[in-house]
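Engineer: The following comprises the amino acid sequence and a computationally predicted model.
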Amino acid sequence: MSNSTQIDTLLEQNKPYSDPTFLHNHPPMYIHYKSQHSVTNRSYHFQQQLRHLTPSSLLAHLQSLTKWFNLTFLDLHGLSIEWIDSETFQNFTQLKTLILSANHLSYLSEKIFYPIRTQILHLNIQRNHFHTLNSANFLHYLKRLKILDFSMNYLKEISITNFVGIRRLESLILRKNQIQHLPYAVFSRMTKLSSIDLSDNQIFIIDEGAFKGLKNLKVLILMNNPLGKMSIKQSLFYPLINLEFLDLENCQLYNLPSYLFSKNLNLRSIKLRRNNFQIELIEVKSKSGLTVSSSTAITVNFDKHNLGNSSHSKIL
């Protein structure tokens, strides 16, 4: 099976990339969407720009698509959209995936997704101009949403109130923003989360208890954040009892607390490349039974080290 076919299969099943083996073989595209290559009559991609999207302008461009009212996948990528009327999606009763990426959106009205709230599963708003989610009440109605992509915006902070309502969310993608701080229990209302991508931010403060309530989380991506500027608490990852894959690559780390992963009994692999570890390690064993063995100094690469929770566990 080709890589593209494998990605399409995962998306058709509405599943995040929760398999660590798949993640290792396909970095850094942990979660993405099909766009222009979707099946005919399931998606539509405009060929011109629409600065102001209204119900009439949207329907006018869909007239050539005979079954537009049955669309489940709508691609509005890269149309320079600055504003969307609140009634724009009221006739799209079958829509499951909506792509709004690479536009100029900085605000969406509170009830813009209300007409499609019961069926929308995937929402992609990456590469827009959002600086805050504090007025993002449009998320509160998306009770069935499974995948939310807010990557490549300008978010500087997030709070627990930003995610009220999206309790069924499974995959949250916030990579390439400007987030500096993860507050206490910030994701706790999304108890079904299995994947969070926070890579390429500016995170240097993570409150103890920031990951509270995430018992179903399997994939956590923190790559390319200056975590070394803070003191990582020993209990930081304790709530993540089902965590399988952790990416801490290029986080300016100098050391890790003893027993940091003692509660993560399902942890299969950790990425620790491009950090600043300078300790000589022969064998370190945690309470959980995870063992790292090496006869060389830990410097840049960990791909030869063994994480002994299972025969497939490893540090990369």
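Structural biologist: Perfect, I can see it now.
Engineer: Pull stretch 89-103 out as PDB, backbone CA atoms only.
Structural biologist: Taking C-alpha atoms only, stretch 89-103 is exported to PDB below (Å, rounded to 0.1, in the frame of the first residue of the first chain):
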ATOM      1  CA  PHE A  89     -23.300  26.900   5.300                       C
ATOM      2  CA  GLN A  90     -27.000  26.600   6.100                       C
ATOM      3  CA  ASN A  91     -27.800  24.400   3.100                       C
ATOM      4  CA  PHE A  92     -24.900  22.000   3.500                       C
ATOM      5  CA  THR A  93     -26.700  19.400   5.600                       C
ATOM      6  CA  GLN A  94     -24.200  16.500   4.700                       C
ATOM      7  CA  LEU A  95     -21.000  18.300   5.200                       C
ATOM      8  CA  LYS A  96     -18.400  16.400   7.200                       C
ATOM      9  CA  THR A  97     -15.100  18.000   6.300                       C
ATOM     10  CA  LEU A  98     -14.600  21.800   5.700                       C
ATOM     11  CA  ILE A  99     -11.200  23.200   4.500                       C
ATOM     12  CA  LEU A 100     -10.700  27.000   5.200                       C
ATOM     13  CA  SER A 101      -6.900  26.900   5.100                       C
ATOM     14  CA  ALA A 102      -4.600  29.600   3.600                       C
ATOM     15  CA  ASN A 103      -7.100  32.400   3.700                       C
END
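Engineer: Which positions in it come out as buried?
Structural biologist: Using 16 or more other C-beta atoms under 10 Å as the test for burial, stretch 89-103 gives 89, 91-92, 95-103. C-betas here are computed from N, CA, C, even on glycine.
Engineer: Same check on stretch 245-261?
Structural biologist: Neighbour counts using 16+ other C-beta under 10 Å place 245-251, 253, 256, 259-261 of stretch 245-261 among the buried residues.
Engineer: again, but for stretch 169-180
Structural biologist: Neighbour counts using 16+ other C-beta under 10 Å place 169-177, 179 of stretch 169-180 among the buried residues.
Engineer: Make JSON lines out of the buried residues of stretch 89-103 and add secondary structure, pLDDT and distance to residue 223.
Structural biologist: Below are the buried residues of stretch 89-103 laid out as JSON lines (DSSP: H, G, I helix; E, B strand; the rest coil; pLDDT from 0 to 100; distance: C-beta to C-beta, whole Å):
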{"residue": "89", "secondary structure": "coil", "pLDDT": "92", "distance to residue 223": "34"}
{"residue": "91", "secondary structure": "coil", "pLDDT": "85", "distance to residue 223": "41"}
{"residue": "92", "secondary structure": "coil", "pLDDT": "88", "distance to residue 223": "36"}
{"residue": "95", "secondary structure": "coil", "pLDDT": "93", "distance to residue 223": "32"}
{"residue": "96", "secondary structure": "coil", "pLDDT": "95", "distance to residue 223": "30"}
{"residue": "97", "secondary structure": "strand", "pLDDT": "96", "distance to residue 223": "26"}
{"residue": "98", "secondary structure": "strand", "pLDDT": "96", "distance to residue 223": "27"}
{"residue": "99", "secondary structure": "strand", "pLDDT": "96", "distance to residue 223": "25"}
{"residue": "100", "secondary structure": "coil", "pLDDT": "96", "distance to residue 223": "25"}
{"residue": "101", "secondary structure": "coil", "pLDDT": "96", "distance to residue 223": "21"}
{"residue": "102", "secondary structure": "coil", "pLDDT": "96", "distance to residue 223": "23"}
{"residue": "103", "secondary structure": "coil", "pLDDT": "95", "distance to residue 223": "26"}
